[in-house]
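In: Turn this into a structure:
(one chain, ligands or ions: 4)
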Amino acid sequence: MVIQFLLFLAFYAIARRLLLKVRNLPPSPFPTLPVIGHLHLLKKHLHLLKKPLHRSLSQISRWHGPVTLLQFGSRHVLVISSPAAAEECLAKNDVIFANRPRLLAGKHLGYNYTSLAWSPYGNHWRNLRRIASLEILSTNRLLTLLSIRTSEVRSLLRLLAKSGGQSLNMKSAFFELMLNVMMQMIAGKRYYGENVGEVEEARKFREIVTESFRIGGVTNIGDFLPFLRWMGPKGLEEKMMALHKKRDEFMQSLIDESQSSEGDESLEMAAEGGKRKTLIQVLLSLRETEPEYYKDETVKSLMLVLLLGGTDTSVATMEWAMSAMLNHPEILKKAQAEIDEVVGHDRIVNESDLPKLSYLHCIMNETMRMYPVGPLLIPHESAEECCVGGYRVPRGTMLLINLFSIQNNPKYWPDAAKFKPERFEGMEGVRDGYKMMPFGSGRRGCPGENLALRMVGLTLGSLIQCFEWNRISDELIDMTEGTGLSMPKAQPLLAKCRPRSFTSDLLSQA
Ligand code: HEM
Ligand SMILES: *[C@@H]1O[C@H](CO)[C@@H](O)[C@H](O)[C@H]1NC(C)=O
Ligand SMILES: *[C@@H]1O[C@H](CO)[C@@H](O)[C@H](O)[C@H]1NC(C)=O
Ligand SMILES: *[C@@H]1O[C@H](CO)[C@@H](O)[C@H](O)[C@H]1NC(C)=O
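Out: Ligands and ions are numbered 1, 2, ... in the order given. The predicted structure is shown next:
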């Protein structure tokens, strides 16, 4: 019996391999089980160990090569883990892979697949993308919103200066900073820290944010793979729908408020006096010329994408960067010396200084190399059959580019496991193929890169310039990553800081 079974298995494996060859599909781990496909390979991800998905996939790629075809339930999934194959997908086959798969989050939290991040490739997406890059995230718009970023960072500096050397939760500090920046851009309001106006509204907003990240945080494979819905925590879908309703109502109230104050003369006067417009006001004023593109639902979904897509990613990047520097005090010292030399002690670093702070940039690049907060990008999907690495990839295949694996592979990065910003020195403005792309690449690449780099740079620069930083104990900071589609640190960063001798003078001028 046993022998027969083994013979059968061997025969089956060989036949399968031949079949793959004939159909010219990419290599695929053995066995592919009925119904669940390769999900048994991701047990650790599914079960108690809660291994992050990009780690499980890296392991699979180590065995089967940089172009691997998996089957998640009935869905084909192409896993890519080399720069050359990534280039084929995101450059040569950019248009074919510009679609997104229909996942649960896109349905319930992405306005039924119509929001910018979840919309399929087509006219609707193209319009949203145009609005986002020309009206919301363009260099010009970012310049008009400069004072928001500056004043929010100052406000964080003041808060830290008052900490008296106590242990601080940097993750929440960065979160409050980013959320205030985003909400000020969107609606001119701040909901955290000093001088918060409408208390009840602020409470509601904070509730929505906490819930969004909690529900985002339980990203289980069932949420990720519609087929496995039933395995997810009970009621996840209902929770998503309830959350969507809350978010939608909140954004609607901001729009209504903005509309009702439109005819308000005092506001218009203020606008003429140089007061900037909020993003909601910008979009509502565009509605006058192109009403079909600026429906309430479009405005709401765009604002939510900014708020939720921009916050978590930037916060996690700042947190990883500070953590890495605290584990390498010599790097922190070197960055501080650079800022002292370029900016001095008479003023706080500002955004115009950033291009001159090349070591700070190296630190940011090295952080985004080792800890890319979109380790698998956002899943793409092929709209037609195409060829990758010489293999045939069927239409409707979900694409996961394992950026984490590419950027941490010693084959492409000597000494890959070491945090070494110096590796980027002298590489300013050089793009080294597809070895590094923390913001993705091609049509679906991140439209918020510019904003993110400004916020991360300004925040880190100011913290390094104004304070001496320390870990809360002699132990190194734990750099393990948690689970979820974005790559959070498993443990939130705790740290201590002391203002430098000149800091209180600078803060009182500001
Ligand atoms: C350090 C911060 C950030 C990182 C590392 C990051 C990274 C990424 C990545 C990897 C993607 C997916 C690309 C792909 O699927 O090929 C993406 C998409 C996106 N990002 Fe970011 N991002 C960051 C900040 C932001 C900010 C600040 C915003 C907006 C305010 C933003 C808005 C978006 C949007 C709307 C998409 C979807 C684009 C589309 O599907 O067409 N991101 N980002
Ligand atoms: C979502 O869109 C599909 C068509 O793409 C439509 O059939 C469905 O009714 C929509 N669902 C909701 C809740 O709007
Ligand atoms: C930054 O500071 C310098 C020196 O005070 C000033 O010339 C520059 O305009 C400032 N830039 C911004 C963006 O505030
Ligand atoms: C950081 O990386 C980007 C490519 O991702 C590159 O364009 C830039 O020049 C790099 N900066 C430095 C200082 O190496």
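In: Write out the residues of the chain neighbouring ligand 4.
Out: Ser358, His361, Cys362, Asn365, Phe424, Met427, Glu428, Gly429, Val430, Arg431, Met436 (Cβ under 6 Å from any ligand atom). Using the backbone N, CA and C atoms, a C-beta is placed for each residue, glycine as well.
In: Return the subset of those residues lying in helices.
Out: Residues of these located in helices (DSSP state H): Ser358, His361, Cys362, Asn365.
In: Show me how to select, in PyMOL, the buried members of the residues you listed.
Out: A single PyMOL command selects the buried members of those (16 or more other Cβ atoms under 10 Å):
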select buried, resi 358+361+362+365
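In: nearest to Arg154, of the ones in helices among the residues of the chain next to ligand 4?
Out: His361 (22.2 Å; Cβ to Cβ).
In: gap between Glu385 and ligand 4?
Out: 31 Å (Cβ to the nearest ligand atom, to the nearest Å).
In: And the pLDDT for that residue?
Out: As predicted, Glu385 sits at a pLDDT of 97.
In: For the residues of the chain next to ligand 4, give me a markdown table that also has pLDDT and distance to ligand 3.
Out: What follows is those, written out as a markdown table (pLDDT from 0 to 100; distance: Cβ to the nearest ligand atom, whole Å):
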| residue | pLDDT | distance to ligand 3 |
| --- | --- | --- |
| Ser358 | 96 | 17 |
| His361 | 97 | 17 |
| Cys362 | 97 | 22 |
| Asn365 | 97 | 22 |
| Phe424 | 95 | 24 |
| Met427 | 82 | 25 |
| Glu428 | 78 | 20 |
| Gly429 | 76 | 21 |
| Val430 | 76 | 26 |
| Arg431 | 78 | 26 |
| Met436 | 96 | 28 |
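In: Pick the one among the residues you listed closest to Leu177.
Out: Distances from Leu177 to these, taken by Cβ to Cβ, are shortest for His361, at 20.2 Å.
In: Now do the same contact list for the closest one.
Out: Leu354, Phe424, Glu428, Gly457 (Cβ atoms under 8 Å, 6 or more residues apart in numbering).
In: which of the residues you listed count as buried?
Out: Applying 16+ other Cβ under 10 Å to these flags Leu354, Phe424, Gly457 as buried.
In: Grab the nearest non-local neighbour of whichever residue of the stretch 201-350 of the chain sits closest to ligand 1.
Out: Of all residues in the stretch 201-350 of the chain, the one sitting closest to ligand 1 is Gly310 (3.0 Å; Cβ to the nearest ligand atom). Residue nearest to Gly310 in three dimensions, not counting chain neighbours: Gly448, with 5.2 Å by Cβ to Cβ, 6 or more residues apart in numbering.
In: export stretch 412-428 as CSV, just CAs?
Out: What follows is stretch 412-428, C-alpha atoms only, in CSV (Å, rounded to 0.1, in the frame of the first residue of the first chain):
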residue,chain,number,x,y,z
TYR,A,412,21.5,42.4,-4.9
TRP,A,413,22.6,44.2,-1.7
PRO,A,414,26.0,43.3,-0.2
ASP,A,415,25.8,43.1,3.5
ALA,A,416,22.0,43.3,3.2
ALA,A,417,21.2,42.6,6.8
LYS,A,418,23.3,45.6,8.0
PHE,A,419,21.7,49.0,8.5
LYS,A,420,24.3,51.1,6.6
PRO,A,421,23.2,54.4,5.2
GLU,A,422,26.7,55.0,3.8
ARG,A,423,25.9,52.5,1.0
PHE,A,424,23.8,55.3,-0.6
GLU,A,425,26.5,58.0,-0.4
GLY,A,426,27.4,59.4,-3.8
MET,A,427,24.3,57.8,-5.3
GLU,A,428,22.1,61.0,-5.2
